[in-house]
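> Everything below, folded, please.
(one chain, ligands or ions: 1)
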Amino acid sequence: MSLRSTIKKHVALPWPLLYIYRKVYYAPKDIPAALGFIFSGTKSPTTFGQRLALVGKFYKISYYVDCPHTEHEMISITRQILDLAQRCRRDCRGGSFHGGSTTKLSLVAALCDRQLEVFDSFAGMPENAESHGKSIYGREHHFPKGSHAVPFEEVKGNVARYAMHRDRIFIKDSQ
Ligand SMILES: C[S@@+](CC[C@H](N)C(=O)[O-])C[C@H]1O[C@@H](n2cnc3c(N)ncnc32)[C@H](O)[C@@H]1O
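Have a look, this model is predicted:
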């Protein structure tokens, strides 16, 4: 067992420390992605201040809502959305979990005047036999049936709390 997973198994870190651990662990990828995004333009026009504020909000949302995606992953998605042709008016995503990425993408949608549609069964993962490699703690990633199920009301609550553009988000039960 690696040092990271031994620590994770035996030491129950309080959330603020776990958050700092995650951010430090991913800093070598997150910080260049964030700086690259902040200091370069996008096809849908955004200002330096808007990009800086967006990255700041991503970090804040990750603190308050459990977000499985890293900041550099979200920044990469953000850049692709902001570089889409202006005629695309809607972004869709499947799977909200707690609503962290949904909240972040709602801010991106607002920046380029789009709407965001989110689909989830709110029943968690279906039966599957996929391999997902290892987590940052050195353990195998498992997505057993029913895991990642978060009730609709909780997702809506998180979005209501942290998204500044709730009128642009449509969350749908896809079951
Ligand atoms: C691993 S989480 C996704 C996390 C998400 N990408 C994020 O950034 O927070 C998987 C989510 O997809 C949903 N889901 C999985 N399979 C689904 C399916 N076949 N139809 C609808 N929702 C599904 C689950 O309920 C869960 O909310």
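> Mind checking what helix or strand follows the one helix or strand in the chain whose mean pLDDT sits lowest in sequence?
Every helix and strand of the chain was ranked by mean pLDDT, DSSP states H and E. The lowest is helix 3-10, at a mean of 59. The element immediately downstream of helix 3-10 (helix or strand, assigned by DSSP states H and E) is helix 15-38.
> and the residue of the chain found nearest the ligand, what is it in contact with?
The chain approaches the ligand most closely through residue 95 (2.7 Å), counting by CB to the nearest ligand atom. For every residue, glycine as well, the C-beta is placed using N, CA and C. Applying CB atoms under 8 Å, 6 or more residues apart in numbering, we find residue 95 in contact with 119-120, 148.
> would a markdown table of these with neighbour count, secondary structure and pLDDT be doable?
Shown next, in a markdown table, are those (neighbours: other CB atoms under 10 Å; DSSP: H, G, I helix; E, B strand; the rest coil; pLDDT from 0 to 100):
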| residue | neighbour count | secondary structure | pLDDT |
| --- | --- | --- | --- |
| 119 | 15 | strand | 91 |
| 120 | 23 | strand | 93 |
| 148 | 15 | coil | 92 |
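> so which of these are also by the ligand?
Residues of the contacts of residue 95 in contact with the ligand (CB under 6 Å from any ligand atom): 120, 148.
> Relative to residue 158, which of the contacts of residue 95 is nearest.
residue 120 (12.7 Å; CB to CB).
> Contact partners for the closest residue to that closest one other than its chain neighbours?
Once flanking residues are discounted, residue 120 sits nearest to residue 96: 4.6 Å by CB to CB, 6 or more residues apart in numbering. With contact taken as CB under 8 Å, 6+ apart, residue 96 is in contact with 102, 118, 120, 150, 155, 171.
> hmm, try it at 7 Å
102, 118, 120, 155, 171 (CB atoms under 7 Å, 6 or more residues apart in numbering).
> Can you tell me the SS state at the last one?
In other words, residue 171. Following DSSP: H, G, I helix; E, B strand; the rest coil, the label given to residue 171 is strand.
> Go ahead and confirm it touches residue 155.
Yes - with contact defined as CB atoms under 7 Å, residue 171 counts as touching residue 155 (6.3 Å).
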